[in-house]
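Undergrad: Next comes the sequence, and after it the predicted model I'd like to discuss.
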Amino acid sequence: MSKTEEFKALGRDDANSIESILADDAIDFGTLAHTTPVGSDAIFTWDYDRSRAGLSKLYERAKTSQWNGSTDLDWSIEVDVEAVAREMQSAIAHLRQRLVDLPNSPLKKWTEAEWTHLAIEAFNWRMSQFLHGEQGALICTAKIVETVPWIDAKYYASTQVMDEARHVEVFSRYLDTKLDGHYPVNPALQLLIDDIIGDNRWDMTYMGMQIMVEGLALAAFGFMHAVTQEPLLKKLLRYVMSDEARHVAFGVLSLKEYYAGLGAAEIKERQEFAFEAALRMRDRLMMHAVWERCGVDREMITRMLFEVRKPGVNPFQAALFSKIVPNCKKLGLLDAGDGWLRERFTDIGVIEYEDAPDTETEYALLDAVAADREATPV
Ligand SMILES: [Fe+2]
Ligand SMILES: [Fe+2]
């Protein structure tokens, strides 16, 4: 049974229980390799007409906005890891304070040195999850090339495969050459990616990766980009975000067309899938491994995080939905079936983002590669 099916069987409340989240930590994803089934048939199309203007335009943009991770970034820059880690920690100072303020919090006794250690480990962990997530995107996009029925989408997806390989490359190089200590993939992230790859409906790979995971990643990259002054990381994120904005746009453009032709029952399945994925990303992506390395029991920290993450309490966490909600709206998923998804997103306190810029329109604005080339013509 996939994790998504397991959640349906359990009911949502139990699905994201502390016990269930902790149980994921025992899953072995291998030290060198992890194998998971790929759902769906490969589809050949004999219709080579490029009839989808939006996808065609996106493909042209992708071809001219390729960049080279080896030469467009200045890898000679020395990184002060502690300074970067502190920047990130001070940006979420309110969360730190809430954790300290909880009754019996073991963090009340923490020294600044312990907080700095946590900040450095958290930086390593975030960059490691970006790396593993990028590999998930690489594999999902390769699957989309095979499974999507339209030639315009196969063309575009092939450029995304290259983009994702470049993203894996640059995050891996940053971790290897600037940071000290990688983390394995977060189990909840890998289980979600496995479900996305394993689904035999081609559009679910799009929905899961292009709308949900990449929507969350784009918000997380944006947050880190806004906070850090480290020039190598800042440019790396700026360029990765240029590509990611196109990727989410690809999902929106393709799915909007496909969903317009689906019936009510099929749309409801997509709404449920979107909501399950949103909850899994909201509740299960925790840095247990980091806290444990810093001497805090993982069950205790999970309970504490649940306490401070109650809806409406943590604006940073809600902001992670700032791309997902408007994109779901654009796909017609918010209001279909008497507004089932609108109600759920209202319940979890993220509906306020429904009118945030959707990525179908903002990708050209986010094209930092094109902007840099205009500023310094070659
Ligand atoms: Fe990526
Ligand atoms: Fe991407």
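TA: Okay, I see it. Ligands and ions are numbered 1, 2, ... in the order given.
Undergrad: May I have the secondary structure class of residue 242?
TA: Three-state call for residue 242 (DSSP: H, G, I helix; E, B strand; the rest coil): helix.
Undergrad: What pLDDT does the model give the nearest residue to it once chain neighbours are set aside?
TA: Ranked by CB to CB, 6 or more residues apart in numbering and with sequence neighbours excluded, the top spatial neighbour of residue 242 is residue 368, at 4.6 Å. Quick note: C-beta positions are derived from backbone N, CA and C, even for glycine. Looking at residue 368, its pLDDT stands at 83.
Undergrad: do the same with the one 5 residues further on
TA: On the pLDDT scale, residue 373 is placed at 85.
Undergrad: Tell me how many other residues crowd it.
TA: 14 (other CB atoms under 10 Å).
Undergrad: what packs against the helix or strand containing it?
TA: Taking DSSP states H and E as the definition, residue 373 sits inside helix 368-375. Contact partners of helix 368-375 among helices and strands, from 3 or more CB pairs under 8 Å, 6 or more residues apart in numbering; DSSP states H and E: helix 231-260.
Undergrad: List the buried residues of the helix it packs on.
TA: 232-233, 235-255, 258-259 (16 or more other CB atoms under 10 Å).
Undergrad: That one versus helix 368-375: what angle between them?
TA: For helix 231-260 against helix 368-375, the angle between stretch directions is 120 degrees (axes from the mean of the first three to the mean of the last three CA atoms, to 10 degrees).
Undergrad: Which neighbouring elements make contact with helix 231-260?
TA: helix 53-64, helix 151-178, helix 202-205, helix 214-227, helix 324-330, helix 359-362, helix 368-375.
Undergrad: any residue of the helix or strand following the second one up close to ligand 1?
TA: Counting by DSSP H and E, the next helix or strand C-terminal to helix 151-178 is helix 187-198. No. Contact of helix 187-198 with ligand 1 is not found when judged by CB under 5 Å from the ion; the minimum separation is 12.6 Å.
Undergrad: Could you check the angle helix 187-198 makes with helix 214-227?
TA: 140 degrees.
Undergrad: Make residue 1 into 22 and carry on from there
TA: In the new numbering, first residue 22, that becomes helix 208-219.
Undergrad: Flag the shaky bits of this protein, pLDDT-wise.
TA: The chain contains residues with pLDDT under 70 at 25, 28-36, 331-339, 379-383, 398-399.
Undergrad: Up against ligand 2, what does it have?
TA: So the chain meets ligand 2 at 158, 235, 265, 268 (CB under 5 Å from the ion).
Undergrad: switch the cut-off to 8 Å
TA: Neighbours of ligand 2 within the chain, by CB under 8 Å from the ion: 155, 158, 162, 181, 184-185, 188, 230-231, 235, 238, 264-265, 268-269.
Undergrad: near ligand 1, which of those residues show up?
TA: Checking the residues of the chain next to ligand 2 against ligand 1 (CB under 8 Å from the ion), the matches are 155, 158, 184, 185, 188, 235, 238, 264, 265, 268.
Undergrad: Nearest to ligand 1 among those?
TA: The closest of those to ligand 1 turns out to be residue 188 (CB to the ion; 3.8 Å).
Undergrad: For residue 58, which non-adjacent residue is spatially closest?
TA: The spatial neighbour of residue 58 that comes closest, neighbours along the chain excluded (CB to CB, 6+ apart), is residue 219 at 5.3 Å.
Undergrad: gap between that neighbour and residue 294?
TA: With distances taken as CB to CB, to the nearest Å, residue 219 is found 13 Å from residue 294.
Undergrad: okay, these two: which has more neighbours?
TA: residue 294 (23 against 18).
Undergrad: any bit of the helix or strand harbouring the more buried one sitting next to ligand 1?
TA: Using DSSP H and E, residue 294 maps to helix 285-305. No. Helix 285-305 lies out of reach of ligand 1 by CB under 8 Å from the ion, never closer than 15.8 Å.
Undergrad: which residues touch the residue of the stretch 272-399 of the chain found nearest ligand 2?
TA: For the stretch 272-399 of the chain, the residue closest to ligand 2 is residue 272, as judged by CB to the ion, at 9.5 Å. By CB atoms under 8 Å, 6 or more residues apart in numbering, the contact set of residue 272 is 227, 228, 230, 231, 232, 235, 348.
Undergrad: Could you identify the most distant pair in the residues you listed?
TA: Farthest pair in the contacts of residue 272 (CB to CB) is 230 and 348. Separation: 12.5 Å.
Undergrad: Appreciated, that's everything.
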